[in-house]
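Novice: Fold the following, please.
(2 chains)
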Amino acid sequence: MKIYGVGILAACFLIGHITGDYLGKIFHLTGNLGGVGIAMLLLVIGNDYFKKNNLMPSETENGILFWSTMYIPVVVAMSATQNVRAALSGGWLAFLVGIIATIACYLLVPVLSKLSKNIEKSKL
Amino acid sequence: MNDLTKLLDKNGLVFAFLIVSAIMYTSYFIGKKLTNNKIPGAAIAISIGLLIAYFGGEKGVASIPAFSGMAILGGSMLRDFSIVSTALGASFTEIKKTGLVGLLCLVLGTLIAFVVGGVIAYFMGYQDAKSITTIGAGACTFIVGPVTGAAVGASSAVIAISIAIGVIKSIFVTIATPFLAKRLGIDNPQSAMIFGGLVGSTSGVSAGLAATNTKLVPYGALTATFHTAMGCLLCPSILYYIVHNFLP
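Specialist: Numbers count the residues shown, from 1 in each chain, chains lettered A, B, ... in the order given. Coordinates of the predicted model:
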C-alpha cells in the first residue's frame, strides 16, 4: 500500500528533524542542524537496504515517489509566499552569487575528472 | 465576492493545489514552446512564484486572504517532507562507482558555492551569520537555501534572495552546459557524475545534460541529488557553526 511508503518517509523525516534539533541544542545554536540532510541520508540508506532484501514493493515506493514529484510544485508555492519586495534590494546579489559560484564549480570539473582518471590508472 | 474569498480562505490548501498546477502548466508550456526546452520549466515556475509574491506583502501572495493556503503548501513542513522524498532517486551503490572522487566533488561543490556566496554576501552588506549562511547555501541550490534559512531562522527576504540565487544558477547551468561540455570534458558517465556532484542544481544539470547528450542525464542527476542532500546536511550545521563563531 502507498501509505507504507509515506510512513517510511514520515519516519525518516521525523528522525532527521529530532536529531537536527538535538544537535542544535548540543552546539547551543537556535534552529535545526542538518535535519533535512540527515533525513535524506536515512532514506537513501533505508532504500538501499530494503531493495537489497526485496522489502520494497513498487506500490510502497510509489507512495514516496508521489511526494518527490510534488517537490517542485511545493517549492513554487514556497517562492510565492516569500517577502520578495524586501528581497529586491538584493537583486544584484542574487545575480552575482548565482553566476560566480556556478563558474567556480564548473572550473573544477576538469580537475576532478583528471584526478579520478589518475586514481583509476594507479589501480590498474 | 466576500463569500468567495471566505470559501477560498477556508479551503486554502485545495485552492493552492489549483493555483500551483496552473503555474506549473503555464511554465512547462512556456519552457517547451517558447524556449525550446532551453530553460527548465521548473526554473520558470519558481520565477513566476517569486514574481507573484511581489504583489503580496510580507508573506508574499499568502498575505492576500484568498491565497492563504499557499503558505500551507509552501510551508516548511510540506517543503521538507517532499524534499526528503527526492533522496529516493539517489543510490549509494551507484555513487560508490565514482569512489572517493565522487565524495570529494560533493563536498567541494558545496564548500565552494557556500564560500563564494557567503563572501559576496558579506561584501554586499549582509553581515550577520544567519544571512551569510542562507545566501551561501542558496549558491548550492534553490532547495538548500530555503531549507538552511528556515533551519537557522533567517528573514523571509534573505530566504527569497537565496531562492533567486538557486534559480539563476539553475538557468545558467542549463544554458551554459551544452556550450561548455566539450571544453570541460563532460562526454562520459564518469565526468557527468563529477559534474553533477560539483554543480548540484538537479533541474539545471538534468536540462543542461539533456541538451548535451541525453545518455548522460541519469548520471549527472544522481550525483546532483546527493549534492542537495549534502548541502542540506552541511550548510545548516557545520558551516553555520563555523560562520556563527567567526561573526557573532
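Novice: need the longest helix for chain A.
Specialist: Counting residues, the longest helix found in chain A (DSSP state H) is helix A:91-123.
Novice: and the nearest residue to residue B:78 once chain neighbours are set aside, what does it touch?
Specialist: Using C-beta to C-beta, 6 or more residues apart in numbering or on different chains and skipping the chain neighbours, the partner closest in space to residue B:78 is residue A:74 (5.4 Å). In short, each C-beta sits where N, CA and C put it, glycine included. Going by C-beta atoms under 8 Å, 6 or more residues apart in numbering or on different chains, residue A:74 touches B:73-74, B:78-79, B:82.
Novice: doesn't residue B:44 make contact with residue B:174?
Specialist: No - under the criterion of C-beta atoms under 8 Å, residue B:174 makes no contact with residue B:44, lying 10.8 Å away.
Novice: need the helices for the chain, in chain order.
Specialist: Because you didn't say which chain, this covers chain A. Under DSSP H, chain A gives helices at A:2-26, A:35-52, A:58-69, A:71-80, A:84-87, A:91-123.
Novice: sorry, should have said chain B
Specialist: Taking DSSP H as the criterion, chain B carries its helices at B:2-10, B:12-29, B:41-54, B:70-73, B:76-85, B:92-95, B:99-123, B:129-138, B:144-152, B:156-184, B:189-199, B:202-212, B:217-234, B:240-246.
Novice: Tabulate those helices in TSV, adding columns for mean neighbour count and mean pLDDT.
Specialist: Formatted as TSV, the helices of chain B follow (neighbours: other C-beta atoms under 10 Å in any protein chain shown; pLDDT from 0 to 100):
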stretch	mean neighbour count	mean pLDDT
helix B:2-10	12	88
helix B:12-29	17	95
helix B:41-54	23	89
helix B:70-73	23	94
helix B:76-85	22	89
helix B:92-95	14	72
helix B:99-123	21	91
helix B:129-138	30	95
helix B:144-152	30	92
helix B:156-184	24	89
helix B:189-199	28	89
helix B:202-212	26	84
helix B:217-234	26	87
helix B:240-246	17	91
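Novice: and of those, who's closest to residue A:37?
Specialist: Closest approach to residue A:37 among the helices of chain B is made by helix B:217-234 (2.6 Å; C-beta to C-beta).
Novice: Now do that closest one: which elements does it pack against?
Specialist: Using 3 or more C-beta pairs under 8 Å, 6 or more residues apart in numbering or on different chains; DSSP states H and E, the elements in contact with helix B:217-234 are helix A:35-52, helix B:92-95, helix B:99-123, helix B:144-152, helix B:189-199, helix B:202-212.
Novice: what about those helices, which gets the closest to residue A:108?
Specialist: Closest among these, using C-beta to C-beta: helix B:189-199, at 5.4 Å.
Novice: Kindly export the closest one (C-alpha atoms) in PDB.
Specialist: Extracted as PDB, the C-alpha positions of helix B:189-199 are listed here (Å, rounded to 0.1, in the frame of the first residue of the first chain):
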ATOM      1  CA  PRO B 189      29.300   8.900 -17.400                       C
ATOM      2  CA  GLN B 190      32.200   9.400 -15.000                       C
ATOM      3  CA  SER B 191      32.700  13.100 -15.800                       C
ATOM      4  CA  ALA B 192      28.900  13.600 -15.900                       C
ATOM      5  CA  MET B 193      28.700  12.300 -12.300                       C
ATOM      6  CA  ILE B 194      31.600  14.600 -11.300                       C
ATOM      7  CA  PHE B 195      29.800  17.500 -13.000                       C
ATOM      8  CA  GLY B 196      26.500  16.800 -11.300                       C
ATOM      9  CA  GLY B 197      28.200  16.400  -7.900                       C
ATOM     10  CA  LEU B 198      30.200  19.700  -8.200                       C
ATOM     11  CA  VAL B 199      27.500  21.900  -9.700                       C
END
